[in-house]
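Enquirer: okay, sequence plus prediction incoming.
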Amino acid sequence: MTAPILRRLSEMRALRREWTMRGETVGLVPTMGALHQGHLSLVKAAKAACDRVVVTIFVNPKQFNNPADLANYPRTEEDDAQKLAPLGVDAIYVPDPDEIYPEGFATEVAVAGAIIDVMEGPFRPGHFEGVATVVAKLFLQTGADHAFFGEKDYQQLLVVRRMAQDMDIPITVVGCETVRETGGLAMSSRNVQLTPQGLDTAAHIYRILTAMAQQLRAGQAYAPLQSAALNELADLGFGDVEYLDLRCADTLVSLPVADRPARLFIAVWLEDVRLIDNIPV
């Protein structure tokens, strides 16, 4: 059965009041639509942990630093609702733009410090401010108890956790393991832009990261592994590698060796598609 689609904040809050009166917990899965199995895995995690589940679909203009990306982002609301139907979602909140950014809206939520100054931050100026602002609004509008985010966007996960903690929003932000294609490529709405050959090539990202992680766990230094990986990516036909970093899992401080909980992060271009991934070490 397809869940009700709510477009007004008043509708969302009325439903949330009903659930609160019954003492039911609410899980939130924020998305921009174009749902794939990665998103659906977050819904399943929310269903397992909460009495009620809300999926939000909102293509947030404030987190796009490239207007062309915003214009080209797929809008697939009907298809998304069909994908969610078998999962027993209780509501799909698709707020009209004026429910998120009404006329005169002049507030921005910005997380400062090391977790936004590296990796995605320099390459996507304003992105995390847009994410923090819209997510704060969705947390407050839905009144959810738990929110579920994929670890594929690990830096975003840390930003959202920091924002919720700093703003005293009473919500638990849950990170869920990245869902991958059969060959290891992290699932993403961008993957559909790749040719079949590109999809085969992109699968090497996970293979390379996994091999690096194994060597790092064995005590090898990062710099020579990074150099070898960059050469291999070039030989495979990848384009610009924006970053390939070993960083602390908690602070995103750059590491020369994996001497604490760490993750490998990459952003690389292939067939004019920007791909990101990360794995724990």
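Expert: Done, it's in.
Enquirer: the stretch 151-281 of the chain: helices as residue ranges?
Expert: Taking DSSP state H, counting those that start in this stretch, the helices of the stretch 151-281 of the chain run over residues 154-166, 196-202, 204-217, 222-236.
Enquirer: mind listing what's buried in the longest one?
Expert: Translated: helix 222-236. 222, 225-226, 229, 233 (16 or more other Cβ atoms under 10 Å). (Each C-beta comes from the backbone N, C-alpha and C, glycine too.)
Enquirer: before we move on, what about the second one?
Expert: By neighbour count, and taking 16+ other Cβ under 10 Å as the criterion, the buried residues in helix 196-202 are 198-199, 201-202.
Enquirer: now distance to residue 105 and pLDDT too, for those, in TSV please.
Expert: Shown next, in TSV, are the buried residues of helix 196-202 (distance: Cβ to Cβ, whole Å; pLDDT from 0 to 100):
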residue	distance to residue 105	pLDDT
198	39	98
199	40	97
201	42	98
202	38	98
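Enquirer: including distance to residue 116, could those go into JSON lines?
Expert: Below are these laid out as JSON lines (distance: Cβ to Cβ, whole Å):
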{"residue": "198", "distance to residue 116": "30"}
{"residue": "199", "distance to residue 116": "31"}
{"residue": "201", "distance to residue 116": "30"}
{"residue": "202", "distance to residue 116": "26"}
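Enquirer: what's the most distant pair in those?
Expert: The span of the buried residues of helix 196-202, defined through Cβ to Cβ, is set by 199 and 201 at 7.3 Å.
Enquirer: next up, the contacts around residue 100.
Expert: Contacts for residue 100 (Cβ atoms under 8 Å, 6 or more residues apart in numbering) come out as 58, 60, 134, 137.
Enquirer: among these, who's most crowded?
Expert: Within these, most neighbours by other Cβ atoms under 10 Å means residue 134, with 23 neighbours.
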